[in-house]
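Peer 1: Structure, please.
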Amino acid sequence: EIPLRLVGSEMCIRDRSIIMKSTFSVLILSSQLFFAQNIAQKLEAATKDLLNSAPAYSANLSFYVADEAGNFVYEYQGNKGLSTASTQKIFTAATALEALGKNYQWTTTASHSGNISNGNLNGNLFISSNGDPTLGSWRYEGYKPENFRDKLIAALKTKAISKISGDLVIDDSYFDFQTVPGGWPWDDMGNYYGAGVWSVNWRENQFDIHTSGKDIKNFNIELQNVKWVNDLKTAGSSDQSLIFTAPHSEVAHITGTLPAKNMTVSGATPNPPVQLGAEIKKWLKDSGIAFNGKIITASAQRINGEPVAQYPKNNTFLEYKSPTLDKVVYWFLKKSVNLYGETLVKTIGKEKKGEGSFKAGVSYMQDFWRGKGINQYMINFADGSGLSPQNYVSARAEVQALLWARKQPWFNEFFEGFLHRVTKW
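Peer 2: A predicted model of the protein is given here:
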């Protein structure tokens, strides 16, 4: 404050009008500095109290505060990288909105091989997707499982198909074969929040188990090709259960404790393309379209060492679009949907690097944020959702990312999901 006032005093000798403007500026700057110093002192005291508390005995902290203009206010180890948990979604959502655009949509298509004669499809029915994470989701009006069912059956009937003599092929070859990021904990992978990413996702790759105490009553869907080992015990007043299964697995193990009442426990579907295929087979039967073929997936063909059936693009008769990206980001941030984050990573990798893999998507994200001025040693990404403990970023990097996002034309869509969480909290 003293240097600013000295400058004002020197200027008052020259011009009275300058005195008034300079003094006014000095007062504003002085009050801003006093306010910032006061806030910093309070933050410093609160940080010390936190770190001196019993629960923080072995804790680590990275804390960084800036005002809306990006001016530094306070930090405690602001450059220190720590595990992100779901704050990783800040980086993933902003990268996706910038790299893909808020109006980006995924597409699921239906096609056929062979020919149609007198209502008989002498060939295979193909379903393909470029990774739509919302296919069959319950979150969006007009995009629920029954909406996809109705449009598929209507499209088949428009083609006058009343019988399918071939097989049902679910083409899940758009992304690479790896469905779960490396480094995810085994304790997480079988539970709904640890669902893997497939080229063909269905019902957010999630199923629900209805239980009564330790007993499994039923499932919300008829889970395909899965045998269960139930080691549940009845105890406590909250859900302390864990589901252990893995992509392509035909075995699932549920353990832990559940209270002595009716509960719903959600898990990760081991093979979503097969699950969708089984449901389509039932739709065909219910709608009077004869089908006695097999359900085939591209990933199963790879597992069995068989040639992967090629999707016949020239015979596409249905294009089913997803909600736009801004709607997906809203739910991604509002409900912290890990599946969406990992799908965004793979989609970014495919669109920007020509490779639908976690490695390609993560690499693009790291380069993207370094290009925005974030020090490369303050960020290390391992996935898009934050479930991997191998992620780490600093608090300063998160503040820099938020400040950059605030200047972008899509910021309102980005912030809307956060706004709900802030209001709720």
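
Peer 1: how about the strands of the stretch 151-300 of the chain, start to end?
Peer 2: Assigned by DSSP state E, counting those that start in this stretch, the strands in the stretch 151-300 of the chain fall at 163-164, 168-171, 206-212, 215-219, 227-234, 240-244, 251-258, 262-268, 290-291, 295-297.

Peer 1: Check these for me and report the most buried one.
Peer 2: strand 168-171 (a mean of 26; mean count of other Cβ atoms under 10 Å). For glycine as for every other residue, the C-beta is placed from the backbone atoms N, C-alpha and C.

Peer 1: I would like the residues contacting that strand, please.
Peer 2: Contact partners of strand 168-171, identified using Cβ atoms under 8 Å, 6 or more residues apart in numbering, comprise 124-129, 199-200, 273-274, 276-277, 280-281, 291, 293-298, 309, 311.

Peer 1: Including distance to Phe63 and mean pLDDT, could the strands of the stretch 151-300 of the chain go into a markdown table?
Peer 2: Output for those, formatted as a markdown table (distance: least, Cβ to Cβ, whole Å; pLDDT from 0 to 100):
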| stretch | distance to Phe63 | mean pLDDT |
| --- | --- | --- |
| strand 163-164 | 61 | 98 |
| strand 168-171 | 48 | 98 |
| strand 206-212 | 35 | 98 |
| strand 215-219 | 44 | 97 |
| strand 227-234 | 41 | 98 |
| strand 240-244 | 32 | 98 |
| strand 251-258 | 34 | 98 |
| strand 262-268 | 34 | 98 |
| strand 290-291 | 60 | 98 |
| strand 295-297 | 47 | 98 |
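
Peer 1: What separation do you get for Glu416 and Trp410?
Peer 2: In this view, Glu416 and Trp410 are 10 Å apart by Cβ to Cβ, to the nearest Å.

Peer 1: okay, these two: which has more neighbours?
Peer 2: Trp410 (19 against 15; other Cβ atoms under 10 Å).

Peer 1: That one and Leu100 touch, don't they?
Peer 2: No. In this structure, Trp410 is not within contact of Leu100 by Cβ atoms under 8 Å, at 10.4 Å.

Peer 1: out of the strands of the stretch 151-300 of the chain, nearest to Ala360?
Peer 2: Closest of those to Ala360 is strand 168-171, at 20.5 Å (criterion: Cβ to Cβ).

Peer 1: now the contacts of strand 168-171: which count as buried?
Peer 2: If you count burial by 16 or more other Cβ atoms under 10 Å, the buried members of those come out as 124-129, 199-200, 273-274, 276-277, 280-281, 291, 295-298, 309, 311.

Peer 1: host element of Asn38?
Peer 2: helix 16-52 (DSSP states H and E).

Peer 1: ok, back up a step: tell me which of the strands of the stretch 151-300 of the chain sits nearest to Ala110.
Peer 2: Ranking the strands of the stretch 151-300 of the chain by proximity to Ala110 (Cβ to Cβ) places strand 168-171 first, at 10.3 Å.

Peer 1: Adjacent strands (with direction) for that closest one?
Peer 2: strand 125-129 (parallel), strand 295-297 (parallel) (DSSP bridges).
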